[in-house]
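Engineer: Structure for the following, please:
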Amino acid sequence: MAKKVLIFGTFDLLHEGHKFFLKEAEKYGKVTIMVAPGETVYKFKKRHPIYSQSQRIEALRSLGYEALAESPDPWQDVLKEKPDIIVLGYDQNWEEQVKRKAKSEKLKIKVVRINRAHLPHVHNTTAIRKKLRV
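Structural biologist: Numbering: from 1, shown residues only. As a prediction, this is how the structure comes out:
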């Protein structure tokens with residue numbers, strides 16, 4: 001049986017960096033994507049996404065992924081989905097928090113980070129927005 005993999009992200013303006021991240025996550029098992037609400041994106045990135053959460057979910061689903069709306073408290077998603085593995089992107093800084101909470105909840109969750117150094121010709125939404133001036 002495939003391992004259950006959980007990833008979190010904004011996934012606004014889908015680009016090669018996102019595709020790379022998704023393909024890397026798939027190497028660990030069946031991926032479920034938790035898509036951040038606009039308020040969370042603003043909290044961490046100090047900008048609003050161009051597309052609504054539902055539009056971003058639909059874009060990922062159109063590519064064949066299971067994509068769900070992230071809760072205001074992502075840990076609730078972890079408890080609900082009970083993943084075997086959480087895959088983090090290079091810019092997600094909550095690895096130690098996940099490990100501490102998993103240990104306190106007696107959950108066996110492996111945390112894997114996808115290193116930015118492995119990204120082909122680093123693409124990111126911020127760079128795309130700058131080019132488009134949005």
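Engineer: Quick check: which element contains H18?
Structural biologist: Assessed by DSSP states H and E, H18 sits inside helix 16-26.
Engineer: which other helices and strands contact that helix?
Structural biologist: strand 4-9, strand 30-35, strand 85-88 (3 or more CB pairs under 8 Å, 6 or more residues apart in numbering; DSSP states H and E). The way it works is simple: take the backbone N, C-alpha and C, and place the C-beta from them, glycine included.
Engineer: List the buried residues for it?
Structural biologist: Applying a neighbour-count criterion of 16 or more other CB atoms under 10 Å, the buried positions in helix 16-26 are G17, H18, F20, F21, L22, E24, A25.
Engineer: and if you look at stretch 88-103?
Structural biologist: Buried residues in stretch 88-103 (16+ other CB under 10 Å): L88, G89, Y90, Q92, V98, A102.
Engineer: Does L14 touch I57 like I think?
Structural biologist: No: with contact defined as CB atoms under 8 Å, L14 does not count as touching I57 (11.7 Å).
Engineer: Please say which of those two ends up with more neighbours.
Structural biologist: I57 (21 against 16; other CB atoms under 10 Å).
Engineer: pretty sure the more buried one is touching M34, no?
Structural biologist: No: distance between I57 and M34: 9.7 Å, which falls outside the contact criterion (CB under 8 Å).
Engineer: Which neighbours do those two have in common?
Structural biologist: A67, L68, A69 (CB atoms under 8 Å, 6 or more residues apart in numbering).
Engineer: Which secondary structure element is home to the closest residue to the first one other than its chain neighbours?
Structural biologist: Closest residue in space to A67, ignoring its immediate chain neighbours: L60 at 3.8 Å, by CB to CB, 6 or more residues apart in numbering. Under the assignment given by DSSP H and E, the secondary-structure element containing L60 is helix 53-62.
Engineer: That helix: which residues count as buried?
Structural biologist: Applying 16+ other CB under 10 Å to helix 53-62 flags Q53, R56, I57, A59, L60 as buried.
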